[in-house]
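**Q** here you go, sequence then predicted model.
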Amino acid sequence: MAVFTPRRPGARASTTPLAEAGADPATPLLHVKDLVTQFPTKNGWLTAVNHVSYELEAGRVLCVLGESGSGKSAMLRTILGLQPKHAHIEGEVVLRGQDLIAMSSAEREAIRGSWVSMVFQDPMTALDPVYTVEQQLVETIRRHDDLSKSEAVDRAMELLNLVQIPSPERRLKAYPFELSGGMRQRIVIALALVSNPSLLLADEPTTALDVTVQARVLDLFRDLKDRLGMGVIFVTHDLSVAAEIADDIAVMYAGRIVERGTVEEIVSNPQHPYTQGLLGANVRPGQDERPLAIKGSPPNLANLPPGCSFAPRCAMVQDSCWGSMPELIEVSPHHDLRCPVVSSAPATGTTTSAVAGTTIGDPVVDAEATGTH
Ligand SMILES: Nc1ncnc2c1ncn2[C@@H]1O[C@H](COP(=O)(O)OP(=O)(O)OP(=O)(O)O)[C@@H](O)[C@H]1O
Ligand code: SF4
Ligand SMILES: [Mg+2]
């Protein structure tokens, strides 16, 4: 098992991909076990993350997919130790063999500065408008590593090259408002890479970008993952983005994972009625008609009904669905599902969608577009 050795203050960062440095190959990079995050509200405890478990290996991208309010950001913030003190947190977040939940806040702070970083949706909230790119990068680099100013500027240039910023000397002198949205997001990614993290958390990092820029930033994530060997958790509500970048997909609904598997399995063989609804709500290449939104709205997370949380919206609901929450069970070697109605139904080759009028047989995005295998 890997031993937790926080970097000595002032020690120079390793240039070795941290996913390799000191990691025990038998231990997954990240193991989230039975994670629960609750917030107090006037109506009782709101359960944003509800007994979530998964593993992530170094060099893989897990996309967490779900509608607004399904607990995606709450889960990332819990991993990073960013939840308010009044939140109730249970479970384990084991990164390179060390449980982040059981650590003191000082130990977690050291981890946050070295093993794990996060990229948020809006680059402007992560950048200070009154400082140049150089000032922000150099300050972050010197906070992390014991470097002279000119060494830190060299490292800043290295990072700008890594995130494929054209004319990096010029961009270094720019203020954030002088850069395009895509360029700003690349700077934010460069800031997240200062510590050479083993785990990168990305919360809808391309949602604010237009489609062309989004495609380039997704390419950048793939390139960085391959070159640096990081594990990436990438949150999105957009299945076509997940299909572009993911190795594995976990679909979240009302704080729980309802279906998970490899990208091929989830995109070409979605089985949970909610996942099928998300697929129906996504635009397929060449599709003319409007995508079908999933009817109804997610449940109140402070007052979850017994039984399957998707039951009020599910066209396949049966009496048994209202009794108790189904377990997440393995339906094939790379595919887990939380729906006993579907998993016990005989296979037909195509899956009848729970969204009226759609049949899922072809993947929403063609297999080549996934670019993964
Ligand atoms: N600090 C907090 N205090 C109280 N409730 C919170 C807090 N953070 C999140 N929540 C609630 O937890 C639930 C899940 O929120 P979360 O932000 O994780 O959703 P999400 O899946 O990221 O949605 P979106 O796609 O809109 O970003 C929501 O009901 C939200 O209101
Ligand atoms: S358990 Fe029942 S309500 Fe839930 S998704 Fe399956 S069929 Fe629908
Ligand atoms: Mg969110």
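**A** Arrived safely. Numbering: from 1, shown residues only. Ligands and ions are numbered 1, 2, ... in the order given.
**Q** and the residue nearest to the spatial centre of the chain, what are its bridge partners?
**A** Note on the chain: the residue nearest the mean C-alpha position is Phe234, at 2.6 Å, using CA atoms, centre = their mean. Listed by DSSP bridges, the beta-bridge partners for Phe234 are Cys63, Ala202.
**Q** Met103: what's it in contact with?
**A** Residues near Met103 by CB atoms under 8 Å, 6 or more residues apart in numbering: 81, 111. The way it works is simple: take the backbone N, C-alpha and C, and place the C-beta from them, glycine included.
**Q** and the one 10 residues further on, by the same measure?
**A** Neighbouring residues of Gly113 by CB under 8 Å, 6+ apart: 143-144, 195.
**Q** distance check, it against ligand 2.
**A** Here Gly113 is placed at a distance of 41 Å from ligand 2 (CB to the nearest ligand atom, to the nearest Å).
**Q** how far off centre is the helix or strand encompassing that residue?
**A** Secondary structure assignment for Gly113, by DSSP states H and E: helix 105-114. Offset of helix 105-114 from its chain centre (CA atoms, centre = their mean, to the nearest Å): 20 Å.
**Q** nearest spatial neighbour of Ile101, chain-adjacent residues omitted?
**A** Spatial nearest neighbour of Ile101, chain neighbours left out: Val93 (5.3 Å); criterion: CB to CB, 6 or more residues apart in numbering.
**Q** give the rounded mean pLDDT of stretch 121-135.
**A** Average pLDDT, stretch 121-135: 89.
**Q** please apply the same query to stretch 207-215.
**A** Mean pLDDT, stretch 207-215: 86.
**Q** check stretch 75-84 too.
**A** Averaging pLDDT along stretch 75-84 yields 94.
**Q** give me the buried positions along that stretch.
**A** Buried residues in stretch 75-84, defined by neighbour count with 16 or more other CB atoms under 10 Å: 75-81, 83.
**Q** which residues does that stretch contact?
**A** Stretch 75-84 has contacts (CB under 8 Å, 6+ apart) with 30, 32, 35, 37, 39, 48-49, 52, 64, 74, 87, 89, 93, 100, 103, 105, 108-109, 111-112, 116, 118, 201, 203, 233, 235, 252.
**Q** returning to what we had before: tell me the helix or strand right after the one helix or strand the residue nearest to Ile101 maps to.
**A** Using DSSP H and E, Val93 falls within strand 88-95. Of the helices and strands lying after strand 88-95 in sequence (DSSP H and E), the nearest is strand 98-99.
**Q** how far does that following strand sit from its chain's centre?
**A** Its chain's C-alpha centre and that of strand 98-99 lie 19 Å apart, by CA atoms, centre = their mean.
**Q** list the buried residues for the helix ranked longest in the chain?
**A** The longest helix of the chain (DSSP state H) is helix 211-228. Residues of helix 211-228 classed as buried: 213-214, 217-218, 220-221, 224-225, 228 (neighbour count, 16+ other CB under 10 Å).
**Q** ok, stretch 60-71 next?
**A** Judged by neighbour count using 16+ other CB under 10 Å, the buried positions of stretch 60-71 are 60-67, 69-71.
**Q** kindly indicate which of those lies nearest Ala315.
**A** Of all the buried residues of stretch 60-71, Ala315 sits closest to Glu67, with 16.7 Å by CB to CB.
**Q** for the closest one, give me phi and psi.
**A** Dihedral pair for Glu67: phi -70, psi 170, per degrees, to the nearest 10.
**Q** mind listing what it touches?
**A** By CB under 8 Å, 6+ apart, the contact set of Glu67 is 237, 253, 278, 294, 298.
**Q** if you rank these by neighbours, which is first?
**A** For the contacts of Glu67, counting by other CB atoms under 10 Å, the largest number of neighbours falls to Tyr253: 29 neighbours.
**Q** how about the nearest residue to that one, chain neighbours excluded?
**A** Counting by CB to CB, 6+ apart, Tyr253 lies nearest to Tyr274, which is 5.0 Å off, once chain neighbours are set aside.
**Q** how close does the one you found sit to Val258?
**A** Separation of Tyr274 from Val258 (CB to CB, to the nearest Å) stands at 6 Å.
**Q** higher neighbour count, those two?
**A** Per other CB under 10 Å, whichever of Tyr274 and Val258 has more neighbours is Tyr274, with 28 against 25.
**Q** what's the following helix or strand after the helix or strand that that one is a member of?
**A** Taking DSSP H and E as the criterion, Tyr274 maps to helix 273-281. Counting by DSSP H and E, the element after helix 273-281 in chain order, helix or strand, is strand 329-332.
**Q** Met307 against Gly323, yeah?
**A** You called it Met, but residue 307 is Gly. Yes: the pair formed by Gly307 and Gly323 meets the contact definition of CB atoms under 8 Å, at 5.4 Å.
**Q** of those two, which one has the most company?
**A** Each of Gly307 and Gly323 has its neighbours counted (other CB under 10 Å); Gly307 has more, 17 against 12.
**Q** contact partners for the more buried one?
**A** Gly307 makes contact with 321-325, according to CB under 8 Å, 6+ apart.
**Q** next, it: phi, psi?
**A** For Gly307, the backbone dihedrals (degrees, to the nearest 10) come out as phi 90, psi -170.
**Q** please name the nearest non-neighbouring residue to Ile249.
**A** Distances taken as CB to CB, 6+ apart put Ile266 closest to Ile249, at 4.2 Å, once the chain neighbours are dropped.
**Q** spell out which parts of the chain neighbour ligand 1.
**A** Within the chain, the positions lying close to ligand 1 (CB under 6 Å from any ligand atom) are 39, 46, 48, 66, 68-74, 84, 237, 301.
**Q** what's the helix or strand for the closest residue to Ile141 other than its chain neighbours?
**A** Leaving aside its chain neighbours, Ile141 sits nearest to Ala152 (4.4 Å; criterion: CB to CB, 6+ apart). Using DSSP H and E, Ala152 sits in helix 149-162.
**Q** I appreciate the help and will end here.
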